[in-house]
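> Got a sequence here, can you build the structure:
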Amino acid sequence: MKTLYFDCGMGAAGDMLAAALLELVPDGDDILEELNNLGIPKVTLGRERACKCGVCGTHFSVKVGETEEGEDSHDHSHMHHHHSGMHEIEHIISHLKLSEKIKKDVMAVYRLIAEAESHVHGVPVTEIHFHEVGTMDAVADITAVCFLMDRISPDRVAASPIHVGSGEVKCAHGILPVPAPATAYLLRGLPIYGGSIRGELCTPTGAALLKYFVSRYGEMPVMKVDAIGYGMGKKDFDRANCVRAMLGETADQREEVVELSCNVDDMTAEEIGFAMEQLFEKGAAEVYTLPAGMKKSRPGTLIRVICKEGEKEDMAALLFKHTTTLGIREAVMQRYVLKRDLVTIDTPYGRVRRKDSEGYGVKRSKYEYDDLSRIAREKGVSLREARELAEGNGD
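Okay, here's the model as predicted:
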């Protein structure tokens, strides 16, 4: 399984994550050209070699107009009304030459930052205003990371606990503690730590990107590393200021999934069936029901949905829309899975799809039911005989 691991021992900023990922791809210069042609207003992206404390890597530069951004400019929003608000940000992102999936990723990361600023400053998201130059810098960093994550397409993204630094940071509102309030809000629920290094190591942009893409935090998993990228920061400390990204293969697949559960006692079987269909259509990994005895001695139904972390909000919204529940429970769990490949075989009876699974010392194959049932109906044979017909042509 293709695994990406971020070492955040010196925190993370948007430009550092972009630079580290840029080092993992073989065609970095071509990708840089693609990024410069996306249509980010007034922005020119570049990369240069940078060395800190004997470690050499890539520094990702963002020029807005004629100016290259300073290290703190995009880290904290300014609350003045002549600057960009979320509406302008959405407008800019919607016009970029990107796939809808990447646009959705970019917007979701930006919304995380806006929600954090909104919470910290006590104003609605619609009233959050970002400093214009800093805005374009953050849009460029986030777009670059989302674009590269889509290009690399890892099966699993993990990271070390995040070093946030210590001391104070200057921003538009004055001097704030490290981690800055917006960063602290974004990092809630994630493993973070401070230390002797004075300064802001993790920025809101870096925190939002990690929160969105990383599904597991802890020690580096056992993996065969194929590529290593060093994304260098702008500031100098007595330790190499960089994010290290490692891309490689882990032998067997274990992933984090979310289980959403709710109980209903006032829905018909048809309504429950329809709700299950909607959840499957929108990408749930599994939906199932169990009979449940409920209050007032009523027989009811327990509905369970298994999905990825990034899909849980959408799945919860669908549960509320299509069921009568008033509350949903969430449990995060590890899932062991076999690596799966779908192979299409040409047979005299038409195309038959076969699912091959492998891992944990197990190897198995299974023909798709829909294809076997079609053969069975067309030939007037049993499902078992249809499988034998397909197997006879599968090798």
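> which residues in the stretch 101-250 of the chain form helices?
132-152, 181-186, 204-213 (DSSP state H, counting those that start in this stretch).
> buried residues in the first one?
Read it as helix 132-152. By neighbour count on 16 or more other C-beta atoms under 10 Å, the buried set for helix 132-152 is 132-149, 152. Where C-beta positions appear, they are placed from N, C-alpha and C, glycine not excepted.
> okay, the angle between that helix and helix 204-213?
Relative orientation of helix 132-152 versus helix 204-213 (axes from the mean of the first three to the mean of the last three C-alpha atoms, to 10 degrees): 30 degrees.
> so what does helix 132-152 touch, helix or strand wise?
helix 14-24, helix 28-36, strand 43-52, strand 55-64, helix 86-94, helix 100-121, helix 204-213 (3 or more C-beta pairs under 8 Å, 6 or more residues apart in numbering; DSSP states H and E).
> 6 Å instead?
helix 14-24, strand 55-64, helix 100-121, helix 204-213 (3 or more C-beta pairs under 6 Å, 6 or more residues apart in numbering; DSSP states H and E).
> Arg377: which of the helices of the stretch 101-250 of the chain is closest?
Nearest to Arg377, of all those, is helix 132-152, at 40.6 Å by C-beta to C-beta.
> For the helices of the stretch 101-250 of the chain, which has the smallest mean pLDDT value?
Least confidently modelled of the helices of the stretch 101-250 of the chain is helix 132-152, at a mean of 88 by mean pLDDT.
> starting at the chain centroid, how far to it?
14 Å (C-alpha atoms, centre = their mean, to the nearest Å).
> coming back round to it: the helices of the stretch 101-250 of the chain: which one's closest to Asp341?
Comparing those by C-beta to C-beta, helix 132-152 comes nearest, at 19.7 Å.
> Report the angle between that closest one and helix 14-24.
Using the same axes, to 10 degrees: helix 132-152 against helix 14-24 is 30 degrees.
> Put the alpha carbons of helix 132-152 into PDB.
Only the C-alpha atoms of helix 132-152 are listed here, as PDB (Å, rounded to 0.1, in the frame of the first residue of the first chain):
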ATOM      1  CA  GLU A 132      -5.100  40.500   0.300                       C
ATOM      2  CA  VAL A 133      -1.400  39.500  -0.300                       C
ATOM      3  CA  GLY A 134      -1.400  36.900   2.500                       C
ATOM      4  CA  THR A 135      -4.600  35.500   1.000                       C
ATOM      5  CA  MET A 136      -3.000  34.800  -2.300                       C
ATOM      6  CA  ASP A 137       0.000  33.300  -0.600                       C
ATOM      7  CA  ALA A 138      -2.100  30.900   1.400                       C
ATOM      8  CA  VAL A 139      -4.300  30.000  -1.700                       C
ATOM      9  CA  ALA A 140      -1.100  29.200  -3.600                       C
ATOM     10  CA  ASP A 141       0.300  27.000  -0.800                       C
ATOM     11  CA  ILE A 142      -3.000  25.200  -0.300                       C
ATOM     12  CA  THR A 143      -3.600  24.700  -4.000                       C
ATOM     13  CA  ALA A 144       0.000  23.400  -4.500                       C
ATOM     14  CA  VAL A 145      -0.400  20.900  -1.700                       C
ATOM     15  CA  CYS A 146      -3.800  19.700  -2.800                       C
ATOM     16  CA  PHE A 147      -2.600  19.400  -6.400                       C
ATOM     17  CA  LEU A 148       0.500  17.400  -5.400                       C
ATOM     18  CA  MET A 149      -1.500  15.100  -3.000                       C
ATOM     19  CA  ASP A 150      -3.900  14.300  -5.900                       C
ATOM     20  CA  ARG A 151      -0.900  13.600  -8.200                       C
ATOM     21  CA  ILE A 152       0.800  11.300  -5.700                       C
END
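> re the thing from before, tell me which of the helices and strands packed on helix 132-152 lies nearest to Thr268.
With C-beta to C-beta as the yardstick, what comes closest out of the helices and strands packed on helix 132-152 is helix 100-121 (34.4 Å).
> buried ones in that closest one?
So helix 100-121, judged by 16+ other C-beta under 10 Å, has buried residues 102-103, 105-107, 109-118, 120.
> shaky segments in the chain?
66-84, 129-134, 251-253, 393-395 (pLDDT under 70).
> rerun at 80
Along the chain, the model assigns pLDDT under 80 to residues 1, 65-85, 126-134, 171-173, 251-255, 339, 359-361, 392-395.
> any idea which strand is longest in it?
strand 253-264 (DSSP state E).
> ok now stretch 4-13, how far from the chain's centre?
For stretch 4-13, the distance to the chain centre is 15 Å (C-alpha atoms, centre = their mean).
> tell me which residues in that stretch are buried?
4-13.
> now the end-to-end length of stretch 290-305.
12 Å (C-alpha to C-alpha, to the nearest Å).
> again, but for stretch 198-210
Stretch 198-210: ends 22 Å apart by C-alpha to C-alpha.
> One more: stretch 20-36?
End-to-end distance (C-alpha to C-alpha), stretch 20-36: 18 Å.
> For that stretch, buried residues please.
20-25, 28, 31-32, 35.
> Closest one to Ser297 out of those residues, please.
Out of the buried residues of stretch 20-36, the member with the shortest distance to Ser297 (by C-beta to C-beta) is Leu21, at 57.1 Å.
> returning to what we had before: can you put the buried residues of stretch 4-13 in a markdown table and add distance to Gly310 and secondary structure?
Below are the buried residues of stretch 4-13 laid out as a markdown table (distance: C-beta to C-beta, whole Å; DSSP: H, G, I helix; E, B strand; the rest coil):
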| residue | distance to Gly310 | secondary structure |
| --- | --- | --- |
| Leu4 | 15 | strand |
| Tyr5 | 18 | strand |
| Phe6 | 17 | strand |
| Asp7 | 22 | strand |
| Cys8 | 20 | coil |
| Gly9 | 25 | strand |
| Met10 | 26 | coil |
| Gly11 | 23 | strand |
| Ala12 | 19 | strand |
| Ala13 | 22 | coil |
